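Chemist: Sequence first, then the predicted structure, then my questions.
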Amino acid sequence: MPAPIEDYALIGDCETAALVSRDGSIDWLCWPRFDSDACFAALLGSEEHGRWLVAPADRALKVTRRYRKHTLVLETRFETGSGVVLVTDFMPQRRRASDIVRIVTCESGTVRMRVELVIRFGYGVTVPWVTRVAENAWRGIGGPDMVVWRTSFPMRGENLRSVADFEIAAGETHYASLSYGPSHLPDPGPIDMVASLRDTERFWTQWSAKGRHIGRWSEAVTRSLITLRALIYNPTGGMVAAPTTSLPEALGGERNWDYRFCWLRDATLTLLALTNAGYHEEASAWLEWLLRAVAGKPAQLQIMYGVAGERRLTEWELDWLPGYQGARPVRVGNAAHSQLQLDVFGELMDALYQARLAGIDSFDAAWQIQLQLLHHLESVWQQPDCGIWEVRGPLQHFTYSKVMAWVAFDRAVKCVEQFAVEGPVERWRALRAHIHDEICTHGYNELRNTFVQSYQSDLLDASLLLLPAVGFLPVDDNRVLGTIAAVEKHLMRDGFVMRYDTRSTEDGLPPGEGVFLACSFWLADAYAMCGRNEEAIALFERLSALANDVGLLAEEYDVRAGRLVGNFPQAFAHLSLVGTACNLFHSEKPAEQRSGARVAGR
């Protein structure tokens, strides 16, 4: 059975990623990039669908692990009855091939080690043809894909897997590498594993050193930023929402989605997180990716794209995989890419506005794209849509979607007022006022004193916590305070916030999921804006404590099981952590930057 989600750690080379469990098994790996079909997929099924185990043969009495300070170099220490061994895992910055390196060092005594390598391409279905190419070097080929592994110890074939058993004594070190390349090209050459460790550590420490110190939670913020950097695809600047697919939002359920794509919804959070932390180069690359991805006919705007801006993200099911702990179906691709979600127009306009404020250049073409998107939004903003949560049930007039349509025209007006751009500003001002009035009339329940999920509905939605943060209403407006109170009363479970009540909302899926971590960070932001600083800090600390032992967060948390659920690690959760930390402890506060209002608790 796959390990609990929180038992995994991330390694990556900023083009792809792997998850390493506490027991020393790499159970999820996407080659040659995040959304590649070449991955093996034991995390979603069993070890027969792919794994790479390097661990003591005898049961470890104690396992501890950590990242080397401010890096993505993972160290796992196994203490056994006969000795202590350290396994160091990392992915060097990509050369001609993509590599994983595993270094085994015995710190004391003598330890028997077990190595099992099960290569399965195509999401665990394709068994490669394996040949020996040199002493302690082997090649596996399956169709277009090839891997070459090299070790300092002998391996043997056994039941369609490569295995090894050896003893390692104090002071000794063994090495293993796994390299991917297209099968029609020459084998990837050997890698200097010692030098690559030094170079990888230097890359991450130098990158981390560029960042700004963000208050008392700087270590948690730095770990989140490193995680986010690992999810940025170097060649294009796009950031995937997570490196995994189909890790369930409810254990054993079917709310299982492919997150290995780039969501426009993350645009403003990503931009502000990177710029506030001092990473303007990465912010600029993200912005350029956005502009390339959305370029074209405005009516064809999607809510997500592939890492290179791909638009065809057809969803299909892998029926040969049993799913993570029985959660099915396992999905590849994401049908939500074709949904109408009006909020992405506001996110895109806000991101470009914030970029201008931050002084990021190259905006001549951007404004022309924005003009066309705004023209299209004028004709569609009154339509029902699928909303921020991408429901697969009936289309609705979601309140938050309309709010973000308001944001789009608000930021357009601000661009004309503050920058040397031209547009039909009077028409935008009138439309902005009209949308605002409509939302306050139809999206607000006067009897319950709260904004509601959709027009004329009685249901709540945690996205409404963002109304003051995006500047729709001041945080001290009675309607905003009533919404915060309603969320506290009806959407909180054990001190954390659900997106909405899945038992009541027609979202086209069976009810049940964990609390959504980003929503809980939004509540902390709302507390900070209200001046409820002690409550904001307490909630932030509770949320930060949900991270696993190496500082990683999933999309959601199952309060009953006490477990992380959903795709892992999730960019949205880590972006939200960085944003809330800035709101509480940093001079640059996203809530102020987006709303234009001073945070009360400052």
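Modeler: Thanks, I have it. Residues are numbered from 1 along each chain as shown.

Chemist: Ramachandran coordinates for residue 103?
Modeler: Backbone torsions for residue 103, taken as degrees, to the nearest 10, come to phi -120, psi 130.

Chemist: for residue 12, that is, sorry about that
Modeler: phi -170, psi 170.

Chemist: Break the chain down into its domains, please.
Modeler: 5-185, 207-595 (automatic domain parsing).

Chemist: Output the ones you listed in CSV; the columns should cover mean pLDDT.
Modeler: CSV is the format used below for the domains of the chain (pLDDT from 0 to 100):
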stretch, mean pLDDT
domain 5-185, 94
domain 207-595, 95
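
Chemist: how about these, which one is nearest residue 199?
Modeler: Closest of these to residue 199 is domain 5-185, at 6.4 Å (criterion: Cβ to Cβ). The C-beta positions use only the backbone N, C-alpha and C, and glycine is treated the same way.

Chemist: picking that back up, could you point out which of the domains of the chain sits nearest residue 201?
Modeler: domain 5-185 (5.3 Å).

Chemist: Just the terminal-to-terminal distance for the closest one.
Modeler: 36 Å (Cα to Cα, to the nearest Å).

Chemist: Name the single longest helix found in this protein.
Modeler: Looking across the chain with DSSP state H, the single longest helix is helix 399-418.

Chemist: Could I get the domains of the chain in JSON lines, plus columns for distance to residue 192?
Modeler: Formatted as JSON lines, those follow (distance: least, Cβ to Cβ, whole Å):
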{"stretch": "domain 5-185", "distance to residue 192": "9"}
{"stretch": "domain 207-595", "distance to residue 192": "21"}
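
Chemist: Quick one: those domains as CSV, columns for distance to residue 201 and mean neighbour count too.
Modeler: Listed next are the domains of the chain as CSV, based on distance: least, Cβ to Cβ, whole Å; neighbours: other Cβ atoms under 10 Å:
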stretch, distance to residue 201, mean neighbour count
domain 5-185, 5, 20
domain 207-595, 11, 20
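
Chemist: hey, where'd the strands end up in the stretch 501-602 of the chain?
Modeler: Under the criterion DSSP state E, counting those that start in this stretch, strands of the stretch 501-602 of the chain are mapped to 515-516, 556-558, 563-565.

Chemist: okay if I get the ones you listed as CSV plus distance to residue 540?
Modeler: Conversion of these to CSV gives the following (distance: least, Cβ to Cβ, whole Å):
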stretch, distance to residue 540
strand 515-516, 15
strand 556-558, 15
strand 563-565, 17
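
Chemist: circling back to that earlier point, what helices or strands is the longest helix of the chain leaning on?
Modeler: helix 343-358, helix 364-380, helix 425-442 (3 or more Cβ pairs under 8 Å, 6 or more residues apart in numbering; DSSP states H and E).

Chemist: need the ones you listed in a markdown table with distance to residue 591, can you?
Modeler: What follows is the helices and strands packed on helix 399-418, written out as a markdown table (distance: least, Cβ to Cβ, whole Å):
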| stretch | distance to residue 591 |
| --- | --- |
| helix 343-358 | 12 |
| helix 364-380 | 24 |
| helix 425-442 | 20 |
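
Chemist: Which among those is found nearest to residue 299?
Modeler: helix 364-380 (5.8 Å).

Chemist: which helices and strands sit right next to the closest one?
Modeler: The helices and strands touching helix 364-380, judged by 3+ Cβ pairs under 8 Å, 6+ apart, are helix 280-294, helix 343-358, helix 399-418.

Chemist: at 10 Å what do you get?
Modeler: helix 280-294, helix 343-358, helix 399-418, helix 425-442 (3 or more Cβ pairs under 10 Å, 6 or more residues apart in numbering; DSSP states H and E).

Chemist: which one of these lies closest to residue 499?
Modeler: It is, among the helices and strands packed on helix 364-380 and with distance given as Cβ to Cβ, helix 399-418, at 10.9 Å.

Chemist: how close does residue 349 sit to residue 543?
Modeler: Distance, residue 349 to residue 543, by Cβ to Cβ, to the nearest Å: 29 Å.

Chemist: So which of the domains of the chain is nearest residue 198?
Modeler: Closest among the domains of the chain, once you apply Cβ to Cβ, is domain 5-185, at 10.0 Å.

Chemist: Please, where are all the helices along the stretch 451-600 of the chain?
Modeler: Using DSSP state H, counting those that start in this stretch, the helices of the stretch 451-600 of the chain run over 478-490, 517-530, 533-544, 571-585, 590-595.

Chemist: the inter-axis angle of the second one versus helix 571-585?
Modeler: In this structure, helix 517-530 runs at an angle of 20 degrees to helix 571-585, with axes from the mean of the first three to the mean of the last three Cα atoms, to 10 degrees as the basis.

Chemist: what's the neighbour count on residue 195?
Modeler: 10 (other Cβ atoms under 10 Å).

Chemist: ok, it - contacts?
Modeler: residue 92 (Cβ atoms under 10 Å, 6 or more residues apart in numbering).

Chemist: Name the helix or strand for it, please.
Modeler: helix 193-209 (DSSP states H and E).

Chemist: Only alpha carbons, please: show that helix as CSV.
Modeler: This file holds the C-alpha atoms of helix 193-209, laid out as CSV (Å, rounded to 0.1, in the frame of the first residue of the first chain):
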residue,chain,number,x,y,z
MET,A,193,27.8,12.2,-8.5
VAL,A,194,30.0,13.9,-6.0
ALA,A,195,30.5,17.0,-8.1
SER,A,196,26.8,17.1,-8.9
LEU,A,197,25.9,17.1,-5.2
ARG,A,198,28.1,20.0,-4.6
ASP,A,199,26.7,21.9,-7.6
THR,A,200,23.1,21.2,-6.7
GLU,A,201,23.6,22.4,-3.2
ARG,A,202,25.3,25.5,-4.4
PHE,A,203,22.4,26.2,-6.9
TRP,A,204,19.8,26.1,-4.2
THR,A,205,21.7,28.0,-1.5
GLN,A,206,22.6,30.8,-3.9
TRP,A,207,19.0,31.0,-5.1
SER,A,208,17.7,31.0,-1.5
ALA,A,209,20.2,33.7,-0.5
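
Chemist: okay, the angle between it and helix 280-294?
Modeler: Going by the same axes, to 10 degrees, helix 193-209 makes 90 degrees with helix 280-294.

Chemist: Could you check helix 193-209 and say which residues are buried?
Modeler: Residues of helix 193-209 classed as buried under the neighbour-count rule (16 or more other Cβ atoms under 10 Å) are 193, 196-197, 200-201, 203-204, 207-208.

Chemist: and the next element down the chain from that helix?
Modeler: helix 218-230.

Chemist: Next, report how far that following helix is displaced from the centre of its chain.
Modeler: 12 Å (Cα atoms, centre = their mean, to the nearest Å).

Chemist: Over to stretch 334-346?
Modeler: 18 Å.

Chemist: Ok, stretch 26-38 next?
Modeler: Here stretch 26-38 is found 15 Å from its chain centre; the criterion is Cα atoms, centre = their mean.
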